[in-house]
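Colleague: pasted the sequence and its predicted model underneath.
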Amino acid sequence: MNGIINMNEKKVKILFVCMGNICRSPTAHGVFETLLATQNLDDVISVDSAGTHAYHVGEQPDSRAQSVALNRGVDLSSQRARKVMQDDFERFDYVIAMDRSNHADLCELASPEQRKKIHLFMDFAKDRDEREVPDPYYGGSHGFERVLDMVSDASEGLLEDILQRNF
């Protein structure tokens, strides 16, 4: 970090979004929370996740996502799936979509003014050319490992963007 963060500033709020909120967005949520904790930034930046569909509301993240994340020191067990709500576009400063389909769904829900908050997560990645985080739900554990790698890279870039724009 360059400089001192003013703790009197409002907290920057991030919402990660995928379709069901049990694989990709909870993984991003957990990885980003862990990154914030290691940087002592969890007092000035907060994180949540949601899904564009209500398929899994109230459920924990997929057990494969939890296992892969926990193997890398990221605990997802306290998270519960929820659906994106209209007021999320007011409450959050960044609404981060895992893929183009979810990005389009979010843009349909948001007002024209709120759409500037919606971003594709991989647009923040530094070391990857992929533009979308693939849904690992119907694959094996390798897909969850790949998602975790992608999310980790994009999280570093997102944090840099947040710090540059807000502090």
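Modeller: Happy to help now that I have it.

Colleague: which residues in this protein form helices?
Modeller: 24-38, 63-71, 88-91, 100-109, 141-166 (DSSP state H).

Colleague: make CSV out of those and add distance to K117.
Modeller: For glycine as for every other residue, the C-beta is placed from the backbone atoms N, C-alpha and C. Listed next are those as CSV, based on distance: least, C-beta to C-beta, whole Å:
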stretch, distance to K117
helix 24-38, 16
helix 63-71, 25
helix 88-91, 7
helix 100-109, 9
helix 141-166, 12
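
Colleague: figure out which of the ones you listed is closest to Q79.
Modeller: Minimum separation from Q79 across the helices of the chain (C-beta to C-beta) falls at helix 24-38, 4.8 Å.

Colleague: so for that closest one, what gets flagged as buried?
Modeller: For helix 24-38, burial by neighbour count (16 or more other C-beta atoms under 10 Å) applies to 24-36.

Colleague: kindly report the same for stretch 45-54.
Modeller: For stretch 45-54, by 16+ other C-beta under 10 Å, it's 45-52.

Colleague: picking up where we left off before, out of the helices of the chain, which one sits most buried?
Modeller: Neighbour counts (mean count of other C-beta atoms under 10 Å) averaged over each of the helices of the chain peak at helix 24-38, with a mean of 24.

Colleague: what's Q164 in contact with, if anything?
Modeller: Neighbouring residues of Q164 by C-beta atoms under 8 Å, 6 or more residues apart in numbering: there are none.

Colleague: and it, how close does it get to D88?
Modeller: 24 Å (C-beta to C-beta, to the nearest Å).

Colleague: and what of G58?
Modeller: Counting by C-beta to C-beta, the gap from G58 to D88 is 17 Å.

Colleague: repeat that for P26.
Modeller: With C-beta to C-beta as the criterion, P26 and D88 are 16 Å apart.

Colleague: next: V147.
Modeller: For V147, the distance to D88 - C-beta to C-beta - is 22 Å.

Colleague: what pairs with L120 across the strands?
Modeller: A97 (DSSP bridges).

Colleague: from here on, count from 246
Modeller: Got it, the first residue is 246 from now on, which makes the last one we talked about L365.

Colleague: that one contacts H348, doesn't it?
Modeller: Yes. Between L365 and H348 there is a contact under C-beta atoms under 8 Å: 5.6 Å.
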